[in-house]
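>>> Predicted model, plus sequence, below.
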Amino acid sequence: MTPTFTMPPPHPKERRIIFENISKPGYDASLETYLAHGGYESLKKALTMKPVEIIDTMKAANLRGRGGAGFPCGAKWSFIKYDDGKPHYIVVNGDESEPGTFKDRYVLHYDPHQLIEGLVISAYATNTHLCYIYIRCEFPDAAKIVWNAIKEARAKGLVGNNILGSGFDCDIYVHQGAGAYICGEETSLLESLEGKRPYPRIKPPYFPAVLGLYMKPTIVNNVETICHVTHILRIGAEEYAKMGTPGDGGTRTMCVSGDVVKPGFYELPAGAVTLGELINDICGGLKPGRTLKAVIPGGSSAKVLRAGEVFKTKVKDADGQMVEKELAMLDIVMDASSLAAVGTMVGSGGVMVMDDTRDMVWALNNLNQFYAHESCGQCTPCREGSLWMSKITTRMLDGGGREADPKALLNVADNIAGRTVCAFGEACSWPTQSFLAKFPEEFADVAKNGPAQANGTRGGH
Amino acid sequence: MSATTAVSPPATRQADAVTPAFEAEIDEIVTHYPVSKRSASLPLLHYWQNHFGHVDDSGLEWIAAKLGLQPVNIYELVTFYPWFRREAAGKTIIRVCRTLACAMAGSYDVREKFCQATGIDPHHHHHGFGIAPPTSEDGKFSVEFVECLASCGSAPVALINDTLHENIKAEQVPAIVEQYK
């Protein structure tokens, strides 16, 4: 019931907060173990604070959401009016499904009490008495482990009525998804939790903080974000903020997959490493004899970067003047603002690395098939467009390419983004737009001359 | 009715097999949703499918009645969420991750090997909408591709029943299947 996980020793650049306990030998998911490692001390501290002080602490810590959008956590909580007389809800997004992202899986399986503690603190800060942890059903053991942890916490008076004698009540339940990527979108998740088809809601007016679960003010935060709440109260906002960059405090778990020697997840202070350091130092570089071709830096929806790209960015010089500076692709700092400055995003922290053996049409087709499968079908541009893009790239790989295909792909993508209820429209367009922009010659070649070779690694249907 | 009248054997309805203990579990789950019983739709479908293997018409109707809904409110979930099915699947369900990191690490090959080791036609793909995934003739195995299982750092991966298998090499597949026979 409470398995342990063996983490490799940390790289000198790593700073483990979320994964500090998990990396200790023999650490398991039980309450006993968590308490032996100082667990629930942050909650005790929080219950002596005024709720608004906790929210101010999150603001001072510069805690940004770790789910993908990167919204400042304290600001999100401030949208909830403490005394509005309405019920409030917090829903933890544990639907982790963005391709390339695999951090929450380990928190849920191996150290769930830090999540439960953070959740009770968050609930106390926002006058919330009912919380759900939405876990994708492909993590069946995680749901059992978290549910068991909630029961343990309840038995010790850490969840439920009159928590630690404070008079504060908070119930937490686990809710399992059913295999749909779209449920990671926060309003879709709420529809799913209401027992409906998970069609995202249009914003405005359905911002969760205003009209959320059951049309009441609701906070939706990622698993990792809520865990950070626990640690910010322990470490202190100032110390926590100092670890990161201005506006992006603390650590961020980068998940690296694909063609590197040591794929895995690495908890790093925000902005502590460049893309090159992440790939070459921390992940052991590319496999022998291979060279870098492309990197998707923030989950599959983030725009792809091409090896050797040079960006023109604006930075402040010694005199405080904004000057243009050239920035090589491997020198991009892995934080929210640096990645945004080069036209992509840190997103959910899923870094996918591709070497020179990879066919970019094949890679895009794989993602196009993902998005075509996962579009919820509510908005026509996305439902039809994601399928068209997938059909075109599949046909190109099957040797049926036409010279007009790259243009047609771009035309479809350009007509989805910005025309849908939720950000899935952008998520499914950005791969096509960026792959075509960064690797135009490969697409033109396959469109004109057919696939390079029948290499056995093609898309499939 | 005369005993000599030819009648087709009574169809088995899953709902007829509901026991008081099963219903007590269901009632407990519903208490997790004090604001709206409808929220229990997905949990009840999970519980039903885990117990019976799939959800038949009587299951849709039973769950709907339990939650004060129309059967269509449950039917529209079963036909949307890929996890649910209205037909029996294999006793062991092998879900191989199809998405980019796993595909780069050879998941197409791995899936094909799983099909071969279980006697399933690899050209037969799963299309969702409540239809069961491709299943071996002896009913022991189903094999399907699923989208990202969130374990890209240990690709390729497959979820076999409730257990995640990581870093699978194609040549290991027959031995993995053997564990589930």
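Structure received.
>>> any weak-confidence spans in chain B?
Filtered on pLDDT under 70, chain B yields the residue ranges B:1-10.
>>> what ranges do the strands span in it?
Along chain B, counting by DSSP state E, strands occupy B:92-97, B:141-146, B:158-160, B:163-165.
>>> now for these, which one comes closest to chain A?
Chain A lies closest, by CB to the nearest CB, to one member of the strands of chain B: strand B:158-160, at 5.9 Å. From N, CA and C alone the C-beta is placed, and that goes for glycine too.
>>> Could you see whether chain A lies near the closest one?
Yes: between strand B:158-160 and chain A, judged by CB under 8 Å from any CB of the partner chain, the touching residues are B:L159.
>>> and the strands of chain B as CSV, adding mean neighbour count?
Formatted as CSV, these follow (neighbours: other CB atoms under 10 Å in any protein chain shown):
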stretch, mean neighbour count
strand B:92-97, 24
strand B:141-146, 25
strand B:158-160, 22
strand B:163-165, 17
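>>> Turn these into JSON lines, including distance to A:G401.
Listed next are those as JSON lines, based on distance: least, CB to CB, whole Å:
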{"stretch": "strand B:92-97", "distance to A:G401": "28"}
{"stretch": "strand B:141-146", "distance to A:G401": "24"}
{"stretch": "strand B:158-160", "distance to A:G401": "32"}
{"stretch": "strand B:163-165", "distance to A:G401": "36"}
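>>> Can you read off the pLDDT for the residue most central in space within chain A?
Among the residues of chain A, the one closest to the centroid is A:S348, at 2.5 Å (CA atoms, centre = their mean). pLDDT for A:S348: 90.
>>> again with A:G195
pLDDT at A:G195 comes out at 98.
>>> residues touching it, list them.
Contact analysis of A:G195 by CB atoms under 8 Å, 6 or more residues apart in numbering or on different chains lists B:36, B:38-42, B:67, B:73, B:77.
>>> Check which residues of stretch A:77-87 are buried.
Going by neighbour count (16 or more other CB atoms under 10 Å in any protein chain shown), the buried part of stretch A:77-87 is A:77-78, A:80.
>>> Among these, pick out the one closest to A:I332, please.
A:I332 has its nearest neighbour among the buried residues of stretch A:77-87 in A:W77, at 30.6 Å by CB to CB.
>>> So the closest one is in contact with A:A123, correct?
No: between A:W77 and A:A123 there is no contact under CB atoms under 8 Å: 10.6 Å.
>>> between the two, what contacts are shared?
Counting by CB under 8 Å, 6+ apart, nothing touches both A:W77 and A:A123.
>>> any idea which helix or strand of chain A has the worst average confidence?
strand A:310-316 (a mean of 85; mean pLDDT, DSSP states H and E).
>>> Can you pull the phi/psi pair for the most far-flung residue of chain A relative to its centre?
Of all residues in chain A, A:N449 sits farthest from the chain's C-alpha centroid, using CA atoms, centre = their mean; the distance is 38.0 Å. Main-chain dihedrals, A:N449, degrees, to the nearest 10: phi -110, psi 0.
>>> Need the pLDDT of the closest residue to it other than its chain neighbours.
Setting aside the residues directly before and after it, A:N449 is nearest to A:G401 in space (CB to CB, 6 or more residues apart in numbering or on different chains), at 7.9 Å. Predicted confidence (pLDDT) for A:G401: 95.
>>> A:G401 and A:V446 touch, don't they?
Yes: between A:G401 and A:V446 a contact is recorded at 5.4 Å, counting by CB under 8 Å.
>>> mind listing the helices in chain B by residue range?
Under the criterion DSSP state H, chain B carries helices at the ranges B:20-30, B:41-52, B:57-67, B:71-78, B:100-104, B:107-118, B:173-179.
>>> Most tightly packed of these?
helix B:100-104 (a mean of 29; mean count of other CB atoms under 10 Å in any protein chain shown).
>>> is it anywhere near chain A?
Yes: Helix B:100-104 is in contact with chain A by CB under 8 Å from any CB, via B:100-101, B:103-104.
>>> just curious, which of those is nearest to chain A?
Distances from chain A to those, taken as CB to the nearest CB, are shortest for B:A101 (4.0 Å).
>>> Wait, that closest one touches A:V260, no?
No: B:A101 is beyond contact range of A:V260, at 10.8 Å (criterion: CB under 8 Å).
>>> Run through chain A and note the low-pLDDT ranges.
Residues of chain A that meet the cut-off, pLDDT under 70, sit at A:1, A:453-461.
>>> tell me the strands in it, going along the chain?
Counting by DSSP E, one finds strands in chain A at the ranges A:89-94, A:130-135, A:171-176, A:218-222, A:251-258, A:264-269, A:292-296, A:305-306, A:310-316, A:322-328, A:350-355.
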